[in-house]
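>>> Everything below, folded, please.
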Amino acid sequence: MFYLIQNALGVFLPSHLTSQLGETCDIRISNGVITEVGHNLLATSNEQVIDAKNCVVYPGLINTHHHIAQTVLKAIPEGLDDNLGEWLANVPYRFWPHIEPKLMYYAAVLGFSELLRSGATTCCDHHYLYHESVTQELEDVVWQAAEDVGIRLVLCRGGATHAGSHRGLKGSNIVPESIEQMITRLEHSFDRYHQDQVNPMRRLVVAPTSLIHSSTSDDLKLLAEFARSHKLKMHSHLLEVEFDQIQAKDKYGLSAVEYAQSCNWLGEDVWFAHLVKANQQDIQLLADTGTSISHCPTSNCRLGSGVAPVIPMYSAGMNVTLGVDGSASSESGSMIQELNLTWLLHRSLHGPKATQVDQVINWASKNGANLLGLDNLGVIEIGKAADLVLYDLSDYRYWGNHSPIYAPVMAGEPVKIKASIINGKQVVDNGQINGLDLGEIRQNLKVAMQQLLTKAS
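Presented below is the predicted three-dimensional model:
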């Protein structure tokens, strides 16, 4: 496909921000790649023109931590005011044993669509709905939903090999996988879905649900060996709450981060969601080993877990990326929400110079791409993959804005996407996801969710 984006108010570029009043910007895309960025570019006969009047163009946002199954678990009454431990038992682990492939597919379609409408073009889904007798179809439908919607999917293959001290898992009567089952199933997913090409639409990540609570040290070492022998990235939750630190010290005589290191779970190929309770010693070890963070501020606020110390992490040299987390604890399902809250939250704690808008945009795009080894993503630059989002600023809420390039982040939700292009293909057109029948999805979800409630009651 060949596109010419014309008349943008501004384009977020790696070296500078093009946003001067009265000056518009154009981007040419050929065969999935950005080939020209400039002013007053003329369309050729084979190009589809996208009019970006009143729009600013961002690199596609990269959501580095999500639980797409939770799209159908929003605002569960029993978990509205729970802390993490209670919430895990009352919400995800109460319901997910009853989520069948059909519901999982529609949950994924809906969740990916929510991300697209906020400007995300890549989703790392930490999919942990695995147990001893789970069918492969429950994973297959997630891959299929991503393909149908058109989003890039990095499937972080979760799961547990024993219940351990995982409060939600212990109370759910779920029989975990054996480590042999997990590795065999990982091998199957790797062979069937993982793409090692330039600009892949599918990637697999080794991602046991919890290092501290649901895997043994021997199992973690085997999973690290599998990941590195297959050149796969590694991901998990860590230090979302103080319970991780307490359990690590009680069981292993180490801090949670030291325990991760002892299991070969630190390094440039590893990132953790949350790290809310990381102390300065933890931060230094994480930084020294090149380990990254997926910062999920909305979920951490929603569950009362606290605020991750990402400013000290950034100062220490850690790679900071952003994630939405599951919609059961981050009901907006929006990357722009995460950018806006990240920008504001740390300024409230550390002063007005703590975070800048362009810095936060880079955390949500360039840094995420670097973390995942998707070197052609995350920036708008000639030769890079065309993953682009056009934010429409024509609504009256933006009319008084003197810095249009910053408007989507500073004003926050609601945002409107004029167009979203992924791998050189337009997947969102004037706010609508191409080929998606929302009426049908809503009806199917209504029926499937009623069945879920019946089974879980």
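
>>> so which strand or helix has L153?
strand 152-157 (DSSP states H and E).

>>> Show me what that strand pairs with in its sheet, parallel or antiparallel.
strand 120-127 (parallel), strand 202-206 (parallel) (DSSP bridges).

>>> residue ranges of the helices in the stretch 251-400 of the chain, please?
256-262, 280-289, 297-302, 310-316, 335-350, 357-363, 366-372 (DSSP state H, counting those that start in this stretch).

>>> Assess the claim that L222 and I183 are in contact.
Yes: under the criterion of C-beta atoms under 8 Å, L222 makes contact with I183 at 6.8 Å. All C-beta atoms are positioned from the backbone trio N, CA, C, and that covers glycine.

>>> Could you name every residue contacting both of the two?
Shared contacts of L222 and I183, defined by C-beta atoms under 8 Å, 6 or more residues apart in numbering, are absent.

>>> Quick check, T342 in contact with N362.
No: between T342 and N362 there is no contact under C-beta under 8 Å: 11.5 Å.

>>> So between these two, which is more surrounded?
Taking neighbours as other C-beta atoms under 10 Å, T342 and N362 compare with T342 leading, 25 against 21.

>>> Just the pLDDT at the residue nearest the centre of the chain, thanks.
Taking C-alpha atoms, centre = their mean, the centroid of the chain lies closest to N63, which sits 2.4 Å from it. What the model reports as pLDDT for N63 is 98.

>>> K455 now?
So, for K455, pLDDT stands at 87.

>>> contacting residues around it?
Counting by C-beta under 8 Å, 6+ apart, K455 touches H98.

>>> Give the buried residues for stretch 406-422.
406-409, 411-412, 415, 417-422 (16 or more other C-beta atoms under 10 Å).

>>> and of those, the nearest to H162?
Distances from H162 to the buried residues of stretch 406-422, taken as C-beta to C-beta, are shortest for I422 (38.5 Å).

>>> Correct me if wrong: I151 contacts F112.
Yes: using C-beta under 8 Å, I151 is in contact with F112, at 4.8 Å.

>>> Overlap of the contact sets of the two?
Between them, I151 and F112 share the contacting residues C123, judged by C-beta under 8 Å, 6+ apart.

>>> Off-centre distance for stretch 115-132?
Counting by C-alpha atoms, centre = their mean, to the nearest Å, stretch 115-132 is centred 6 Å from the centre of its parent chain.

>>> show me where pLDDT drops low in the stretch 1-150 of the chain?
15-22 (pLDDT under 70).

>>> Could I get the full set of helices for it?
Going by DSSP H, counting those that start in this stretch, the stretch 1-150 of the chain shows helices at 84-90, 92-95, 101-116, 137-149.

>>> And this protein, split by domain according to the record?
2-59+379-433, 61-372 (automatic domain parsing).

>>> Have a look at I151 and F112 and say which one is more surrounded.
F112 (31 against 26).

>>> so who does the more buried one touch?
I68, C123, A145, A146, V149, I151, L153.

>>> Just the closest of those residues to A160, please.
I68 (18.3 Å).

>>> For the nearest residue in space to M201 that is not next to it in sequence, give its distance to E381.
Closest residue to M201 in three dimensions, ignoring its sequence neighbours and counting by C-beta to C-beta, 6 or more residues apart in numbering: R152, at 5.4 Å. Distance from R152 to E381, counting by C-beta to C-beta, to the nearest Å: 18 Å.

>>> cool, and N31?
From N31 to E381 the distance is 16 Å (C-beta to C-beta).

>>> Specify which residue of these two has the higher count of neighbours.
E381 (14 against 9).

>>> neighbours of the nearest residue to the more buried one once chain neighbours are set aside, just the number please.
Of all residues not flanking E381 in the chain, P14 sits nearest, at 5.9 Å (C-beta to C-beta, 6+ apart). Counted with other C-beta under 10 Å, the neighbours of P14 add up to 14.

>>> before we move on, what about E147?
When counting by other C-beta under 10 Å, one arrives at 13 neighbours for E147.

>>> Return the residues in contact with it.
M201.

>>> for the one 5 residues further on, same thing?
Contact analysis of R152 by C-beta under 8 Å, 6+ apart lists T121, T122, C123, A146, P200, M201, R202, L374, L377, D387, I422, N423.

>>> from these, which would you call buried?
T121, T122, C123, A146, P200, M201, R202, L374, L377, D387, I422, N423.

>>> separation between the closest residue to S329 other than its chain neighbours and D325?
Closest residue to S329 apart from its sequence neighbours, by C-beta to C-beta, 6+ apart: S299 at 4.3 Å. Using C-beta to C-beta, S299 is found at 4 Å from D325.

>>> picking up where we left off before, quick check, distance from the strand holding L153 to the centre of its chain.
9 Å.

>>> between that strand and helix 137-149, how big is the angle?
On the basis of axes from the mean of the first three to the mean of the last three C-alpha atoms, to 10 degrees, strand 152-157 is oriented at 170 degrees to helix 137-149.

>>> orientation of strand 152-157 relative to helix 101-116 in degrees?
Using the same axes, to 10 degrees: strand 152-157 against helix 101-116 is 130 degrees.

>>> Tabulate the helices of the stretch 251-400 of the chain (CSV), appending distance to R117 and mean pLDDT.
What follows is the helices of the stretch 251-400 of the chain, written out as CSV (distance: least, C-beta to C-beta, whole Å; pLDDT from 0 to 100):
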stretch, distance to R117, mean pLDDT
helix 256-262, 35, 98
helix 280-289, 33, 98
helix 297-302, 16, 97
helix 310-316, 26, 98
helix 335-350, 9, 98
helix 357-363, 18, 96
helix 366-372, 18, 98
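
>>> Tell me who's in contact with W87.
By C-beta under 8 Å, 6+ apart, the neighbours of W87 are G79, L303, S329.

>>> can I assume the second one is in contact with L80?
No: under the criterion of C-beta under 8 Å, L303 makes no contact with L80, lying 10.6 Å away.

>>> just to revisit the earlier point, please tell me how far the residue nearest to M201 sits from Y93.
The separation that R152 has from Y93, given C-beta to C-beta, amounts to 28 Å.

>>> what's the answer for G60, then?
Noted for G60: a distance of 32 Å to Y93, by C-beta to C-beta.

>>> Please identify which of the two sits among more neighbours.
Neighbour count, other C-beta under 10 Å: between G60 and Y93, G60 has more, with 28 against 20.
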